[in-house]
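Visitor: Below is the sequence, then the predicted model.
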Amino acid sequence: MSKKQRSMSTDGTVFGKELSHKIFYWALLAIPLIEFCIFYIGVNFNSILLAFKKYTMKDGVWEYTYSFSNFGRVFDYVRFDSVMQSNLKNAFIFYAFGLVVTLPLSLIFSYYIYKKCFASEFFRVILFLPGMISVVVTAFMYKGVINNGIPEIFSKKGLDIIAPLEDIKLRMAMVLLYNFLMGFGTNVLMYSNAMTRIDVSVVEAAQLDGIRPMQEFFCISLPLIFDTISTFLVIGIAGFFTNQASLHALYSRSAESYPEVRTLGYQLFIYAQFGENETTYPYAAALGLCCTLVAFPLTLVVRWALDKVNPNVQA
Amino acid sequence: MKTNFKKMISTLALAATFAALPLAGCAGGGTGGKKELPKDKTIIRLLCYDAGYGRTYVEKVAKEFEKLQAEHSYEAGKKGVYFDITQSPTAAVGDEVLTGLPNSDVDMFFSDGHTAVELQKNGYVMDITKLVKASSQDENPISTFAGETSIYDRMYDDYRDYVTTKEGEVYNIPLFLMTYNLTYDVDLMKENKLYIRRDSTDEKLNLTGDVSQASAGVDGEAGTEDDGLPETYAQFLLWMEKMTNNTTPMHYQGGMLMRAMSNFWADFEGKEGVKACYTFDGTKLTDLVDQVNNDGSVTYLPETAITTENGYLVQRQEGRLRVLQLMEKIAASMKGTNGYVYKKKFPSVDNHKQAQTTYLVSSQNDPKPILMLAEGGYWETEASATFNKMGGNTKRNLAILPTPKYSRAEVGKDSRRTVWSELGGEIFIRKGVTGQVNEQAVTDFFLYYNSEENMAIQNREASQPRPFDYSIDSIKDTMSNYQISLYNMLHSDRTDVVFAGDSNDFTIANRDQINNYYWLLYSNYDANSDEAAYTPVQIMYERGATAKTFFEGLERVYTKKTGGQSKWDEMLGRVSK
């Protein structure tokens, strides 16, 4: 029976059922779709328009015209402004740290948990805690330990030290440590969960062949969770420009004067949160758009590269 | 069939939950939730910004008004008024509150961040010119709550100019004026013998715990509040050095010290010099520094009229250099064992509320308690929780440190004090308040709230002085020493309170730059980079900047070109020609 014949069925059942399914389906999706259109498409479209706006004041009232002046400012700052350059440099340092230190350590520790070694369940719970607690709270606790606890310990031994988060020589290390502690747990959970999906029979077969733990890690576990790893690597590229490294939680606005740790993501956050008038947001929108224009092709390139090296094994 | 029905119901429930989530953020025009309101009273709706100073002051005055008007009928069938007070940290300020006005049912706003022109152009804000100019002496007073002197006439000049449009209309009035000061502990002065004796000089200080032996202070008159406190910058430094044996001179958070010590700059420059930094109206300045020599002496630029074209030159005012030289000494002290700032929390360990607590409890816990705290005017209200644990703010004897003079010649009976201040919040009324008769209720409350007596109450409840003439005599015995000291400083005949702002297009368009952070002491302290900071003591301590290099960087922030355009060029570009 053709579709037309079905819809013209004399008892009306098929036609009515299909229509009622469609109505129900679209009714279900209507509000989330409207929300998506307004709060994602609309907001981002508005942000793109904002990047081209130049506000000027006349008789106490703001007026705007459209121009590329904001983009001109962005290019000037990237080329000539040492503040922008140090922001980018720090963004790279945080990204590289995540890639070179946090990722490998997370993978190894995930393997430890996956192998259900000593206290692995306990670690699983503990590592998950920072993900559940607000960053404001964890930053507060971290600052309490680092800025108050450590100097107090030293002072009991007769040594007066500056609070490490406020010590210009230690600032970057302390911020990196905080980011490591906060990111480590989430990474470990992701990768250990991915490892649990490895077929047990593959592992057993390898063990029968006499594979050692580290061989298993490199030859079986990593290749089989490569899709998960590459997903996070690709997402990490997108986050390169927006990562504020929890600086606002740790320093509030003070970090604006800390070139050794300040990142582009933090600077963007300050513009968005504390922009005082109409002239701050267009520049921030233009900067954000430029970051997207860089991050988008970079993300595709990284994804292509990772696909190339992906062992593409399934188990 | 049953299974399909169950599936449909559970899917519908899930869909409803997902739909409810985004819709949860949609509330009515600023009143928050719906509560049960009495139907037999006239309702007046207030929306409060509710920053660190809370809203207790509004609630208390509202309660008094309810009692006063309990038998008065504003609407047929109703007696008395009832206040529906809502607070919001975001929807009560800035653009959010203005865009919400068409749909709002709030009558009066305790808000922040709007200019008179913004409110005028909005179209939904009441023109309150008649209200603020109303007096009980008028032929037909618009309200029984109008005072003898109108609100407008009692307003400080600078603030009055700021809130009045070119057409002479008024749409909002200041809620309070914000100052930043060094607060000191009067009891600690006695306990640790920190009063400067009258036989002291600018080179040698003798200290005492007996205020009757103390020097006359900056005002040159014995028996006043400033007795025994440093009279000059030289004494200020010596005093801090000398007290470090048993007292820590000060504590602060982040940019607070810069803001508090900017009163030193303001006092040096005087009212005209400070106003020139905001009006750009061609005021001529004679103390713009050309060169700073290594010994700290200076040469000056010729007399210069300050306009928007060369407004960055105000960063060369000598007052800024002199306060930076003080800060250089403070920074240098931190390299030794007896620093002038509380070392455990230096440079910026505490946030500002923690700094308040550290300061307050140090008198109990610390072998070297802290004498001074650099903070904003209403910090005492912000620290209410700590004060309450210590028996209340009236139990602590705190006061505002008078600004010492740069030179000995300025000390004495003819000395005046200049204090820079900012607008702290505003009050405005929505146009078309609910119903004709309700407008009278709102009018009455507006005038009642802004009466002299209730301005004094706000001064007490929120530690917020208001930029109006009013007396605190009726409630002085219920105020803390700090609140009285703050009031006295701002209402003294010898004080010039300067509003750090102006309504010209350039200043308004550049509010993000010409504000307390960036317009006071914000420096590109290293000529080889573009880094800038507004925490001089920290920069001098951490990065080896000196008063000279920091001062030279003040103007450079605005004149250094990035890609052919300087920040000042950008600022000029924000104003339509």
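Guide: Alright, I've got the coordinates. As the structure is a prediction and not an experimental result, all values here were calculated from the model.
Visitor: Give me the most central residue, the chain.
Guide: Using chain A. Geometric centre of chain A, nearest residue: A:G239, 4.9 Å, by CA atoms, centre = their mean.
Visitor: other chain: chain B
Guide: B:M178 (1.7 Å).
Visitor: so where's chain A uncertain?
Guide: A:1-15, A:276-277, A:314-315 (pLDDT under 70).
Visitor: can you list the residues of the stretch 201-315 of chain A near chain B?
Guide: Counting by CB under 8 Å from any CB of the partner chain, the stretch 201-315 of chain A comes close to chain B at A:Y251, A:S252, A:R253, A:S254, A:E256, A:S257, A:P259, A:G275, A:E276, A:N277, A:T279, A:T280. (Glycine included, C-beta is placed from N, CA and C.)
Visitor: For A:R124, give its distance to B:A146.
Guide: Per CB to CB, to the nearest Å, A:R124 is found 70 Å from B:A146.
Visitor: Look at the two and report which has more neighbours.
Guide: Ranked by neighbour count (other CB atoms under 10 Å in any protein chain shown), A:R124 and B:A146 place B:A146 first, with 24 against 17.
Visitor: what pLDDT does the residue nearest to the centre of chain B get?
Guide: pLDDT, B:M178: 92.
Visitor: shouldn't it be in contact with B:W379?
Guide: No. Using CB atoms under 8 Å, B:M178 is not in contact with B:W379, being 10.9 Å away.
Visitor: Show the contacting residues for A:I108.
Guide: A:F217 (CB atoms under 8 Å, 6 or more residues apart in numbering or on different chains).
Visitor: part of a helix, is it?
Guide: Yes. Applying DSSP: H, G, I helix; E, B strand; the rest coil, one finds A:I108 inside a helix.
Visitor: OK, contacts around B:E71?
Guide: B:K79, B:G80.
Visitor: Look at it and tell me its secondary structure.
Guide: coil.
Visitor: could you pull out the strands for chain A?
Guide: A:53-58, A:61-66 (DSSP state E).
Visitor: would you list those in CSV and tack on mean neighbour count and distance to chain B?
Guide: Shown next, in CSV, are the strands of chain A (neighbours: other CB atoms under 10 Å in any protein chain shown; distance: least, CB to the nearest CB, whole Å):
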stretch, mean neighbour count, distance to chain B
strand A:53-58, 18, 4
strand A:61-66, 14, 6
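Visitor: export stretch B:344-363 as CSV, just CAs?
Guide: Extracted C-alpha coordinates of stretch B:344-363, given in CSV (Å, rounded to 0.1, in the frame of the first residue of the first chain):
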residue,chain,number,x,y,z
LYS,B,344,50.6,37.7,57.0
LYS,B,345,48.1,38.9,54.5
PHE,B,346,50.3,41.0,52.2
PRO,B,347,50.0,41.8,49.4
SER,B,348,46.5,40.7,48.7
VAL,B,349,45.7,37.5,50.5
ASP,B,350,42.4,38.6,51.9
ASN,B,351,39.3,39.6,49.9
HIS,B,352,37.8,42.9,51.2
LYS,B,353,35.4,41.2,53.7
GLN,B,354,38.2,39.0,55.0
ALA,B,355,40.4,42.1,55.4
GLN,B,356,37.7,43.7,57.6
THR,B,357,37.5,40.6,59.8
THR,B,358,41.3,40.4,60.0
TYR,B,359,41.4,44.0,61.1
LEU,B,360,38.6,43.7,63.7
VAL,B,361,39.9,40.6,65.4
SER,B,362,43.5,41.6,65.4
SER,B,363,43.0,43.6,68.5
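Visitor: For residue 219, the count of nearby residues, please.
Guide: Answering for chain A, as no chain was given. Residues near A:C219, counting by other CB under 10 Å: 14.
Visitor: hmm, I had chain B in mind actually
Guide: 21.
Visitor: Measure how buried the closest residue to it other than its chain neighbours is and give me the count.
Guide: Nearest residue to B:D219, sequence neighbours excluded (CB to CB, 6 or more residues apart in numbering or on different chains): B:D226, at 5.7 Å. B:D226 has 23 neighbouring residues, counting by other CB under 10 Å.
Visitor: Surely B:D226 touches B:G220?
Guide: No. If you go by CB under 8 Å, B:D226 and B:G220 don't touch, sitting 9.4 Å apart.
Visitor: ok, back up a step: what pairs with the residue nearest to the centre of chain B across the strands?
Guide: B:E422 (DSSP bridges).
Visitor: Give the full set of residues in contact with it.
Guide: B:G376, B:G377, B:Y378, B:S421, B:E422, B:L423, B:G424.
Visitor: Wait, the second one touches B:T183, no?
Guide: Same thing as B:G377. No. With contact defined as CB under 8 Å, B:G377 does not reach B:T183; the gap is 9.5 Å.
Visitor: Where is the longest helix in chain B?
Guide: Counting by DSSP state H, the longest helix found in chain B is helix B:256-279.
Visitor: follow-up on the earlier one: I'd like the distance between the residue nearest to B:D219 and B:M334.
Guide: Distance of B:D226 to B:M334, computed by CB to CB: 27 Å.
Visitor: so which strand or helix has B:P367?
Guide: Here B:P367, judged by DSSP states H and E, is contained in no helix and no strand.
Visitor: Share the number of residues neighbouring it, please.
Guide: 8.
Visitor: Which pLDDT does the model give it?
Guide: Reported pLDDT for B:P367: 91.
Visitor: now do the one 3 residues further on
Guide: In this model, B:I370 is scored at 97, pLDDT.
Visitor: Need phi/psi at it.
Guide: phi -90, psi 130 (degrees, to the nearest 10).
Visitor: What residues does the stretch 401-550 of chain B have near chain A?
Guide: Checking the stretch 401-550 of chain B against chain A by CB under 8 Å from any CB, the hits are B:503, B:505, B:508-509, B:511-512, B:515, B:529-535, B:538-539, B:542-543.
Visitor: repeat that with 6 Å
Guide: B:D505, B:A509, B:R511, B:D512, B:S529, B:D530, B:E531, B:A533, B:E542 (CB under 6 Å from any CB of the partner chain).
Visitor: And for the residue lying closest to A:T56 once chain neighbours are set aside, the neighbour number?
Guide: Excluding its sequence neighbours, the residue lying closest to A:T56 (CB to CB, 6+ apart) is B:S576, at 4.4 Å. For B:S576, the neighbour count with other CB under 10 Å is 15.
Visitor: The stretch 1-150 of chain A: helices as residue ranges?
Guide: A:3-7, A:13-36, A:43-51, A:69-80, A:82-97, A:103-114, A:120-132, A:135-143, A:150-156 (DSSP state H, counting those that start in this stretch).
Visitor: how about those, which one is nearest B:E269?
Guide: Smallest distance to B:E269 across those (CB to CB): 29.7 Å, for helix A:82-97.
Visitor: for that closest one, which positions count as buried?
Guide: A:S82, A:V83, A:M84, A:Q85, A:S86, A:N87, A:N90, A:A91, A:I93, A:F94, A:Y95, A:F97 (16 or more other CB atoms under 10 Å in any protein chain shown).
Visitor: which ones among those residues come in contact with chain B?
Guide: Among the buried residues of helix A:82-97, the residues that sit close to chain B (CB under 6 Å from any CB) are A:S82, A:V83.
Visitor: picking that back up, quickly note the distance from the residue nearest to the centre of chain B to B:G54.
Guide: Where B:G54 is concerned, B:M178 sits at a distance of 15 Å (CB to CB).
Visitor: ditto for A:S120
Guide: Counting by CB to CB, the gap from A:S120 to B:G54 is 49 Å.
Visitor: of these two, who's got more company?
Guide: Neighbours per residue (other CB under 10 Å) separate A:S120 from B:G54, with B:G54 holding more: 17 against 14.
Visitor: Quick check on that one: phi, psi?
Guide: Taking degrees, to the nearest 10 as the convention, B:G54 sits at phi 70, psi -160.
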